[in-house]
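Visitor: what shape does this take:
(2 chains)
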Amino acid sequence: EAGVAQSPRYKIIEKRQSVAFWCNPISGHATLYWYQQILGQGPKLLIQFQNNGVVDDSQLPKDRFSAERLKGVDSTLKIQPAKLEDSAVYLCASSFPASGRSPSDEQYFGPGTRLTVT
Amino acid sequence: GQSLEQPSEVTAVEGAIVQINCTYQTSGFYGLSWYQQHDGGAPTFLSYNALDGLEETGRFSSFLSRSDSYGYLLLQELQMKDSASYFCAVRGGGSYIPTFGRGTSLIVHP
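Guide: So this is what the prediction gives:
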């Protein structure tokens, strides 16, 4: 079974530039998550999708961050314009079944995109 | 909101047993998960507790007490490869969203 795919793996941009990250979840996983992980901290949920609908985006800085999940499969996360404090690893995860209330509550994480804003 | 507390660092020797504690505050609690993350790697799922008690998976066990809002991860027969960060994560709130703790860095010495 293929895992969660993310690209790019690394990105360096200057502040005020824009950047986009792509995620392809495990086939059949209805729930998709985007996390921001700053060095030395735990992953922080930015947005959770179920199929192509947003479950929660309360921690997404909507003035600069946006995310979409067209057709309930792939997802993109965009930052425009980037700030220095956006430097972090952006993790995508997916889970099954659709409700997220699986007996194991297991989330499968992709390798992440390491973003450096200079 | 939801919050979790776990120790920042734990050290142990190879072959020993170590316990990583996690206390949480949340409304509408659904369950507590544990993840392992090696430096530069992605978090990987270890265990999940929705009900009180102990869940065992090989060398790892996880415990939950809902009345105490407390759980722990127990690692037995420690190996050098167990050196990693361990995160507890709680499902709760109205939207059932996951919240992760800041992580515990486990250092295993020979």
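
Visitor: and the gap between residue A:49 and residue A:55?
Guide: For residue A:49, the distance to residue A:55 equals 6 Å [CB to CB, to the nearest Å]. Just so you know, the C-beta spots here come from the backbone N, C-alpha and C atoms, and that holds for glycine as well.

Visitor: ditto for residue A:73
Guide: Distance, residue A:73 to residue A:55, using CB to CB: 16 Å.

Visitor: give the other helices and strands that the helix or strand of chain B with the lowest mean pLDDT contacts.
Guide: Counting by mean pLDDT, DSSP states H and E, chain B has its least confident helix or strand at strand B:97-100, which shows a mean of 90. Helices and strands in packing contact with strand B:97-100 are listed as strand A:44-50, strand B:3-5, strand B:84-92; criterion 3 or more CB pairs under 8 Å, 6 or more residues apart in numbering or on different chains; DSSP states H and E.

Visitor: so which residues on chain A come close to chain B?
Guide: A:33, A:35, A:40-45, A:48, A:55-56, A:58, A:91, A:93, A:100-101, A:103-112 (CB under 8 Å from any CB of the partner chain).

Visitor: now, of those residues, which are buried?
Guide: Neighbour counting over the residues of chain A next to chain B (16 or more other CB atoms under 10 Å in any protein chain shown) leaves A:33, A:35, A:42-43, A:45, A:48, A:55-56, A:91, A:93, A:100, A:105-112 as the buried ones.

Visitor: okay, and which of these map to strands?
Guide: With DSSP state E as the criterion, strands contain A:33, A:35, A:45, A:48, A:55, A:56, A:91, A:93, A:108, A:109 from among these.

Visitor: residue in chain A nearest to chain B?
Guide: residue A:42 (3.5 Å; CB to the nearest CB).

Visitor: helix, strand or coil for residue A:85?
Guide: Using DSSP: H, G, I helix; E, B strand; the rest coil, the structure places residue A:85 in helix.

Visitor: let me know how buried it is, in neighbour terms.
Guide: 10 (other CB atoms under 10 Å in any protein chain shown).

Visitor: would you pull up the residue in chain B closest to chain A?
Guide: Counting by CB to the nearest CB, chain B gets nearest chain A through residue B:100, at 3.5 Å.

Visitor: confidence score at residue A:40?
Guide: Residue A:40 is assigned 93 on the pLDDT scale.

Visitor: what do you get for the one 3 residues further on?
Guide: According to the prediction, residue A:43 has pLDDT 97.

Visitor: got the contact list for it?
Guide: A:35, A:36, A:37, A:91, B:43, B:87, B:100 (CB atoms under 8 Å, 6 or more residues apart in numbering or on different chains).

Visitor: what's the answer for residue B:89, then?
Guide: Residue B:89 neighbours (CB under 8 Å, 6+ apart): A:42, B:4, B:32, B:33, B:34, B:35, B:98, B:99, B:100, B:101.
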